[in-house]
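Colleague: Take a look and give me a structure for this.
(2 chains)
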Amino acid sequence: DAMVIQNPRYQVTQFGKPVTLSCSQTLNHNVMYWYQQKSSQAPKLLFHYYDKDFNNEADTPDNFQSRRPNTSFCFLDIRSPGLGDAAMYLCATSIAGGRSQYFGPGTRLLVL
Amino acid sequence: DQQVKQNSPSLSVQEGRISILNCDYTNSMFDYFLWYKKYPAEGPTFLISISSIKDKNEDGRFTVFLNKSAKHLSLHIVPSQPGDSAVYFCAASARGYGGATNKLIFGTGTLLAVQP
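Modeller: Numbering: from 1, shown residues only, chains lettered A, B, ... in the order given. The predicted structure follows:
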């Protein structure tokens, strides 16, 4: 089945210790998104890739970076996690111009 | 500035009854609306959508109604089942908002609990 996969499902890191979350997709979609969702809040778009073109949201902190080495994979790097970065991180994909997005199961990040 | 609002954080209904989840939006440029369902520890899954050229879209037990003049949409689930218990997110997009990628703007979600 075509799908969006996120690893790991749960990640524990220490305050200030860099962490990388990964996302892969078998849908062959050319757009990939990263969202941050905190409890009882709406998913918040951090950035997205349209093919290799990176698009950062204006209010995404510099602490958050992303890499997309190929169509299938996209990574979220948090350079120096703070306690406020503890959240669910969701990866999603879509075709260019598509109106729907397809989500992975998310990675729950805990910062100690 | 919250462009998509779900003012009811939670809703409880009896099995077999109708569940009605509401969503309001402020941006008149939105022309496509989606409902996602999310179970705990899982990502949102697409449920149903509606284009602004329609006022109703139906898929099995799920119907979405759109009232453009009121900038309001609702999701009806009939009959409700215990397996429908989840958080439901409303999302909206405007063609060209975000370039070719049609960014989605999400509401904060409504937790639906269907009691057996």
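
Colleague: ok but residue A:84 is inside a helix, no?
Modeller: Yes: applying DSSP: H, G, I helix; E, B strand; the rest coil, one finds residue A:84 inside a helix.

Colleague: Tell me, how many residues neighbour it?
Modeller: Using other CB atoms under 10 Å in any protein chain shown, residue A:84 has 10 neighbouring residues. (Each C-beta comes from the backbone N, C-alpha and C, glycine too.)

Colleague: Distance check, it against residue A:111.
Modeller: Using CB to CB, to the nearest Å, residue A:84 is found at 8 Å from residue A:111.

Colleague: try residue B:29
Modeller: In this view, residue B:29 and residue A:111 are 37 Å apart by CB to CB.

Colleague: Neighbour count for those two, which is higher?
Modeller: residue A:111 (19 against 13).

Colleague: for that one, what are its contacts?
Modeller: Shown in contact with residue A:111 (CB atoms under 8 Å, 6 or more residues apart in numbering or on different chains): A:12, A:13, A:14, A:15, A:81, A:82, A:83, A:85, A:86.

Colleague: how about a cut-off of 7 Å?
Modeller: A:13, A:15, A:81, A:82, A:83, A:85, A:86 (CB atoms under 7 Å, 6 or more residues apart in numbering or on different chains).

Colleague: Next, count neighbours for the closest residue to residue A:7 other than its chain neighbours.
Modeller: What sits nearest to residue A:7 in space, not counting adjacent residues and going by CB to CB, 6 or more residues apart in numbering or on different chains, is residue A:22, at 5.1 Å. Residues lying near residue A:22 (other CB under 10 Å) number 16.

Colleague: Same question for the one helix or strand residue A:22 maps to: list its buried residues.
Modeller: Assigned by DSSP states H and E, residue A:22 belongs to strand A:19-25. Residues of strand A:19-25 classed as buried: A:19, A:21, A:22, A:23, A:24, A:25 (neighbour count, 16 or more other CB atoms under 10 Å in any protein chain shown).

Colleague: Which elements pack onto it?
Modeller: Packing partners of strand A:19-25 (3 or more CB pairs under 7 Å, 6 or more residues apart in numbering or on different chains; DSSP states H and E): strand A:4-7, strand A:10-13, strand A:73-78, strand A:87-94.

Colleague: what's across from the residue nearest to residue A:7 in the sheet?
Modeller: Bridge pairing for residue A:22 (DSSP bridges) gives the partners residue A:7, residue A:75.
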